[in-house]
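# Mind folding the following:
(one chain, ligands or ions: 2)
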Amino acid sequence: MWVVATAGHVDHGKSTLVRALTGMEPDRWAEERRRGMTIDLGFAWTALPSGGTVAFVDVPGHERFVPNMLAGVGPVPAALVVVAADEGWMPQSAEHLAALDALGVAYGLLAVTRADLADPGPAMARALTEIAATSLGAVEAVPVSGVTGAGLPELRAALDRLAARLPAPDVDGPVRLWVDRSFTIRGSGTVVTGTLGGGRLRVGDELELAGTGETVRVRGLQSLGVPTPEVSAVARVAVNLRGTPRERLARGDALLSPGRFHRTDLVDVRVAGDPAADLPAALTLHVGSAAVPVRVRPLGPDTARLRLARPLPLLIGDRALLRDPGRHHVAGGVTLLDVAPPPLARRGAAAARAAVLAALDGRPDLAGELRRRRLVRAADLTRMGVPVDARPVAGDWLADPGHWERTGARLAEEVARHAREHPLEPGIPVETLRQRLALPDRALVEALVRPPLRVRGGRVTASTVDALPEPVARAVQRIRAEFGDRPFRAPEADRLADLGLGPREIGAAVRAGALLRLADNVVLLPDVLDEAVRVLAGLPQPFTLSAARQALDTTRRVAVPLLELLDRRGATRRLPDDARIVVG
Ligand SMILES: Nc1nc2c(ncn2[C@@H]2O[C@H](COP(=O)(O)OP(=O)(O)OP(=O)(O)O)[C@@H](O)[C@H]2O)c(=O)[nH]1
Ligand SMILES: [Mg+2]
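Ligands and ions are numbered 1, 2, ... in the order given. Got it, this is the predicted structure:
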């Protein structure tokens with residue numbers, strides 16, 4: 001299915017043409033039929049010669065109803081511009097065309113209606129010139145009469161040619177269905193309609209309401225009046241929502257794939273049209289079917305920051321338009337450059353931001369986003385419309401490579417500085433490092449720890465004896481020199497004191513793995529346990545404490561806690577008569 005929106009001045013024959021093409025009544029309201037004027041959006045569809053189906057969103061031409069027109073055109077990628085042969089180019093011909101241009105609509109056709117009443121030539125020539133200067137470019141033109149039916153076969157053929165050129169939708173992408181109508185059906189509850197531009201909807205799907213973030217469930221689906229279990233883009237769809245009161249939803253809201261869109265009330269945009277500096281401070285932003293008041297803050301010559309009166313689910317690259325409702329003036333088309341821009345608090349921040357925006361074009365750019373944001377969750381980038389194909393550094397965190405490397409170097413410096421300032425602490429707590437490096441997640445700290453640094457007990461330490469405070473490291477070296485050949489002799493308490501090894505220093509050496517503590521003031525070098533087991537295994541089994549003490553060439557002061565440690569580790573077993581055996 002293709003969806004095409006009409007556009008054109010009031011009474012130029014848009015609805016008559018849609019009626020003639022489809023046999024359906026686009027003016028749904030009694031008041032519209034009484035006044036012979038479209039007030040709100042109408043919907044009708046027909047088969048084309050190719051066999052494909054085209055659905056029309058018929059818009060009102062009257063100047064009062066331009067906001068309704070914009071809600072219909074916003075989500076639709078193609079336009080049928082209508083100009084009456086007998087009246088020619090008129091103010092809303094121009095305003096509607098300016099809106100299509102602002103939204104970047106690139107596919108269209110011109111129908112010169114009421115061709116039975118006047119020569120269509122002059123109106124066609126003027127309209128083609130006007131259209132050629134917009135995003136629509138050169139379009140086919142067909143003179144028609146909605147009354148006599150002349151030109152309709154040619155228009156159908158031209159619609160088929162237009163449809164063949166339309167880009168294929170991303171049916172696997174996320175759903176963002178801008179609501180253009182919501183109503184209640186007795187017995188079914190709330191129904192909303194819209195133009196599905198991407199993705200796929202199924203009965204039973206969970207969706208997120210853009211307005212409130214709440215989850216809703218699809219109870220039923222219709223497309224072109226027919227119930228269906230599934231609809232793929234592009235399509236006109238009616239969605240019946242289970243248990244959602246009608247007041248929750250209105251035109252301008254959207255149904256979203258859960259967790260796939262960033263709802264934002266602050267965006268940076270490029271403006272086409274009036275220079276940014278000339279824009280009024282208060283305008284209305286039209287995007288999708290939404291119309292939201294915004295405050296405009298010019299940043300560069302063609303860039304501005306918009307503060308929205310309520311958040312919308314917007315993506316980088318979205319097209320929108322700014323309109324001055326009082327002056328009937330499309331002030332400019334906008335392209336969204338950033339949907340999660342940084343605050344502009346510091347002096348000079350606005351100028352710096354303008355320089356950044358000058359280089360952006362609304363095409364999502366992963367490397368650029370990482371460079372600007374430094375650290376960002378993959379899911380957050382996806383929700384802004386940036387496709388992610390980079391490997392996370394931790395969890396789903398992505399990092400700019402340069403920033404990541406610099407942060408790793410700073411981490412090493414912080415660990416070294418902490419060791420100097422707190423020589424007896426066993427390293428710096430991960431949380432302290434997280435704060436010093438202003439990282440948003442501890443997992444990032446841990447991911448930055450590389451040998452010889454390591455994470456141990458919630459702290460980052462240097463794993464080598466070298467990282468011990470200088471005096472402690474020297475004392476350990478002395479013990480190694482003095483006791484290396486008598487590995488089961490422990491320095492006496494006064495020797496430890498001479499070496500400057502009090503309880504705190506010993507604790508630090510033990511945590512660093514430089515000493516093995518058997519009891520208070522009883523320490524050995526850390527690598528002697530295997531040797532002890534080897535010596536004990538050489539004794540006749542079982543062996544006594546005294547036999548062990550002699551074999552190890554040590555004192556009771558060491559032998560008792562050493563054997564208890566080996567018992568605890570399961571290397572030896574104590575028998576009921578206090579003798580022991582080596583296990584295994
Ligand atoms: N003779 C003739 N009359 C036409 C033709 N098309 C529309 N009309 C008449 O022009 C008037 C306006 O037609 P509509 O189709 O309502 O115009 P519209 O563009 O939909 O108007 P709005 O929706 O209010 O903007 C009606 O009286 C139609 O009968 C045509 O091709 N030939
Ligand atoms: Mg109409």
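
# Where does the prediction get shaky in this structure?
Low-confidence segments of the chain (pLDDT under 70): 423-425, 463-467, 584.

# ok, which stretches of the stretch 451-584 of the chain are strands?
Listed in chain order, the strands of the stretch 451-584 of the chain (DSSP state E, counting those that start in this stretch) span 453-456, 459-462, 516-519, 522-524, 572-574, 580-582.

# same question but for the stretch 301-450 of the chain, I mixed them up
Assigned strands in the stretch 301-450 of the chain, in chain order: 303-313, 319-324, 329-338, 375-377, 397-399, 428-429 (criterion: DSSP E, counting those that start in this stretch).

# can I get these in TSV with distance to ligand 1 and mean neighbour count?
The C-beta positions use only the backbone N, C-alpha and C, and glycine is treated the same way. TSV is the format used below for the strands of the stretch 301-450 of the chain (distance: least, C-beta to the nearest ligand atom, whole Å; neighbours: other C-beta atoms under 10 Å):
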stretch	distance to ligand 1	mean neighbour count
strand 303-313	28	20
strand 319-324	18	23
strand 329-338	18	23
strand 375-377	46	19
strand 397-399	49	22
strand 428-429	69	20
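
# tell me which residues of stretch 522-541 are tucked away?
522-526, 528, 532-533, 535-536, 539 (16 or more other C-beta atoms under 10 Å).

# which outside residues touch it?
479-480, 483-484, 487-488, 490-491, 496, 501, 506, 509-510, 513-518, 543, 547-548, 551-552, 557-558, 561-562, 565-566, 569, 571-572, 580-582 (C-beta atoms under 8 Å, 6 or more residues apart in numbering).

# Could you report the neighbour count for residue 420?
Residue 420 is flanked by 9 other residues according to other C-beta atoms under 10 Å.

# That one and residue 53, how far apart?
75 Å (C-beta to C-beta, to the nearest Å).

# With residue 181 instead?
For residue 181, the distance to residue 53 equals 20 Å [C-beta to C-beta].

# same thing with residue 277?
In terms of C-beta to C-beta, residue 277 sits 46 Å off from residue 53.

# between the two, who's got more neighbours?
For residue 277 and residue 53, the more surrounded residue by other C-beta under 10 Å is residue 53, and the numbers stand at 17 against 12.

# what sits against the nearest residue to the more buried one once chain neighbours are set aside?
Closest residue in space to residue 53, ignoring its immediate chain neighbours: residue 1 at 4.7 Å, by C-beta to C-beta, 6 or more residues apart in numbering. Residues near residue 1 by C-beta under 8 Å, 6+ apart: 45, 52-55, 223-224, 234-236.

# The residue of the stretch 151-300 of the chain at minimum distance from ligand 2: how many residues sit nearby?
Nearest residue of the stretch 151-300 of the chain to ligand 2 (C-beta to the ion) works out as residue 180 at 15.7 Å. With neighbours defined by other C-beta under 10 Å, the count for residue 180 comes to 25.

# Please identify the residues of this protein in proximity to ligand 2?
Contact residues (C-beta under 5 Å from the ion) of the chain with ligand 2: 14-15, 38.

# From residue 443, how far out is the residue lying closest to residue 511 once chain neighbours are set aside?
Here the nearest residue to residue 511 in space, its sequence neighbours aside, is residue 426; by C-beta to C-beta, 6+ apart that works out to 4.2 Å. Relative to residue 443, residue 426 is positioned 21 Å away (criterion: C-beta to C-beta).
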